[in-house]
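**Q** sequence first, predicted model second:
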Amino acid sequence: MGEAELSLAAVRDALVREEDSIVFALIERARRPRNAPAYAAAAAAGGRSLAEFFVREAEVLHAKAGQYQKPEDVPFFPQDLPSPLFPTKDYPKVLHSFASSVSVNDAIWKMYFNELLPLFTVDGDDGNYAETVALDFACLKALSRRIHIGKYVAEVKFKDASQDYSPLIRAKDTKALMNLLTFKAVEEKVKRRVEKKARIFGQNVTLEDNADKQEGNAGDSECKVNPEVLSKLYDLWVMPLTKDVEVEYLLRRLD
Ligand SMILES: O=C(O)C(=O)C[C@]1(C(=O)O)C=C[C@@H](O)C=C1
């Protein structure tokens, strides 16, 4: 995201676009059952699970290809990641220099595997473990990107009202910062919109004319991911973690 794009409306548009990626990533993962063996410690990978092994190896490849240069692209395993092998374009630096080190990926990892997966995948084991963990990686990346865009939201809010934010930052008043950056009405709209997206993107599209089955009218049980799971995901985890990123960024904004 560049300087010219840095307005609250533009950053919120970016968050809206990320919703599509998250809903589609979940729909794709939901094609496979839980596949628990993909998450069990495996001797072949030094006691790591296939899921962790896959994400670590994938991040090494992505880093070599030039990923993780932007503050919203945060790796889950940043230790010892290689530098890009190919030239990367310099993106405009619109955030404070510490921005890349703000990460809530550990919390996203735990939330995804412990809380979210059981909510939108069915019990079962079809043996497609490699495909399953690749789909998990796509979900994790989409969630992490959305949540870390919170850094830009925080920067815009700070720039727009530094007189309100600065005293709270100096006082390290986390609670007051959290209140100041929270817009309950926006959160309600976000929840309703992701639920609607899950209903629209997750229905089966046919060519038959059927008055009961117009787009957007699919019953929740016919959707590939239950739309209520999306609203819950945003309510309990995505928005709270985005706000944690905002607070963490703001607390260091005057350093
Ligand atoms: O849109 C904002 O102002 C944000 O800070 C983003 C966000 C969100 O995560 O969607 C988080 C906090 C606000 O209460 C509303 C929405």
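**A** Thanks, I have the structure now. All figures in this text were calculated on a predicted structure; none of them were measured in a lab. Numbers count the residues shown, from 1 in each chain.

**Q** what number of residues lie near Arg252?
**A** 14 (other CB atoms under 10 Å). Using the backbone N, CA and C atoms, a C-beta is placed for each residue, glycine as well.

**Q** please verify my assumption that it contacts His96.
**A** Yes - assessed by CB atoms under 8 Å, Arg252 is found in contact with His96 at 6.9 Å.

**Q** right, is stretch 243-252 up against the ligand?
**A** Yes - judged by CB under 6 Å from any ligand atom, stretch 243-252 comes into contact with the ligand at Lys243, Glu246.

**Q** give me the neighbour count for the residue of the stretch 1-150 of the chain found nearest the ligand.
**A** Taking CB to the nearest ligand atom, the ligand has its nearest neighbour within the stretch 1-150 of the chain at Arg12, 5.0 Å off. Summarising burial for Arg12: neighbours were counted as other CB under 10 Å, giving 17.

**Q** now do the SS call for it.
**A** Of the three states, Arg12 takes helix according to DSSP: H, G, I helix; E, B strand; the rest coil.

**Q** again with Arg253
**A** Put simply, Arg253 is coil when judged by three-state DSSP.

**Q** distance of Pro33 relative to Pro118?
**A** Distance, Pro33 to Pro118, by CB to CB, to the nearest Å: 11 Å.

**Q** cool, Asp220 as well?
**A** Distance, Asp220 to Pro118, using CB to CB: 18 Å.

**Q** just to revisit the earlier point, so which of Pro33 and Pro118 has more stuff around it?
**A** Between Pro33 and Pro118, Pro33 has the larger neighbour count (other CB under 10 Å), namely 15 against 11.

**Q** without its sequence neighbours, what residue ends up closest to the more buried one?
**A** Leaving aside its sequence neighbours, Pro33 sits nearest to Gly124 (CB to CB, 6 or more residues apart in numbering; 3.1 Å).

**Q** the one you found contacts Arg31, doesn't it?
**A** No - between Gly124 and Arg31 there is no contact under CB under 8 Å: 11.8 Å.

**Q** higher neighbour count, these two?
**A** Taking neighbours as other CB under 10 Å, Gly124 and Arg31 compare with Arg31 leading, 13 against 10.

**Q** three-state assignment of the more buried one?
**A** Secondary structure, three-state DSSP: Arg31 is coil.
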